[in-house]
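Undergrad: here is my input, please return the structure:
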Amino acid sequence: MKRLAIAIMLIGVSAGSALAYSSPFAGTWKLNVKMSKFTGDTFTYTESAKGFHYSNGSTISYDFAMDGKDYTILPGRTMAWTKVGDHAWEVVAKNEDKVLSKTHREISADGKKMISSYVEYRPDGKTVTESDVYDRVSGSHGLAGKWKDVKVQAATDVMTITTPSAGQFELSVPSYKQTISGPTDGTPVEIKGPTIPPGAMASYKALAPEKWEYSITLKGKAYVKGVMTVSAGGKMLTDTSWVPEKEAEKTVAVYDKS
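TA: Numbering: from 1, shown residues only. Model (predicted):
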């Protein structure tokens, strides 16, 4: 559920204070799925007294059972697992009481692969179907073990960036009804949106006219770090992000200016 975890607080771009009205980041950007890289992240399921324990090895860790009940994974976020076969489960992710996604997870007969197919219900009223294929890294059968994402079928998306005045920016992701706006001096600012967990903040700082670093936090804890760059011609934006302590498992999202 890598992208779900990232979508919890998807944001991270700004404009330098000296570049208001002419920032290379300003414009509408469309995700280029073919040029992006969303694979490589790992996570682990281990058996526990409650049922299972999930860990992404850094920021997200929680216990759950296969009983269809909601278990908290982040403030304001829950997941409910229901067993529907010997090695198959239905998983429902919610923000408070609102369903964010419904996922079918199934492990292959030889136990070496897990396929996750899910439908995402976006705040703009649209539904999007995506999927991930995971290879087993450890463990022999069932859910328990370490898994690595090796194939992603992702949907495209659009974000818009404006620089209304010197030292100020606004970024919006219409499909999620998310916005973030404020100064560009590294000060943490609130991420707003109907599916944003309470306490989600973003801070970002210009390193060069075409390069910014950023950090996404939730209640003071860093969940995503990254660097965004705009190409020399200004037609492509590359967002390289990672989970703290897992820098080797970077995600690269490439956007085309439209």
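
Undergrad: all strands of the stretch 1-150 of the chain, in order?
TA: 27-31, 42-47, 52-55, 61-64, 67-74, 77-85, 88-95, 98-107, 113-121, 127-136, 145-153 (DSSP state E, counting those that start in this stretch).

Undergrad: what's in contact with stretch 234-241?
TA: 6, 12-13, 24-25, 29, 32, 224-231, 250-257 (Cβ atoms under 8 Å, 6 or more residues apart in numbering). Just so you know, the C-beta spots here come from the backbone N, C-alpha and C atoms, and that holds for glycine as well.

Undergrad: can I get that stretch in CSV, CA atoms only?
TA: Only the C-alpha atoms of stretch 234-241 are listed here, as CSV (Å, rounded to 0.1, in the frame of the first residue of the first chain):
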residue,chain,number,x,y,z
GLY,A,234,11.1,23.6,-17.8
LYS,A,235,8.9,20.9,-19.3
MET,A,236,9.5,18.1,-16.8
LEU,A,237,9.3,17.9,-13.0
THR,A,238,10.9,15.0,-11.1
ASP,A,239,9.9,14.2,-7.5
THR,A,240,12.2,11.8,-5.8
SER,A,241,10.9,10.8,-2.3
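
Undergrad: any idea of the mean pLDDT in that stretch?
TA: What stretch 234-241 shows for mean pLDDT is 97.

Undergrad: ditto for stretch 64-83
TA: 95.

Undergrad: is residue 175 in a helix, a strand, or coil?
TA: helix (DSSP: H, G, I helix; E, B strand; the rest coil).

Undergrad: which ones are touching it?
TA: Residue 175 neighbours (Cβ under 8 Å, 6+ apart): 122, 123, 124, 126, 157, 158.

Undergrad: 10 Å instead?
TA: Residue 175 is in contact with 7, 120, 122-126, 128, 155-159, counting by Cβ atoms under 10 Å, 6 or more residues apart in numbering.

Undergrad: how close does it get to residue 100?
TA: 13 Å (Cβ to Cβ, to the nearest Å).

Undergrad: elements contacting the helix or strand hosting residue 179?
TA: Assessed by DSSP states H and E, residue 179 sits inside strand 178-183. Contact here means 3 or more Cβ pairs under 10 Å, 6 or more residues apart in numbering; DSSP states H and E; on that basis strand 178-183 packs against strand 158-162, strand 168-173, strand 189-190, strand 200-208.
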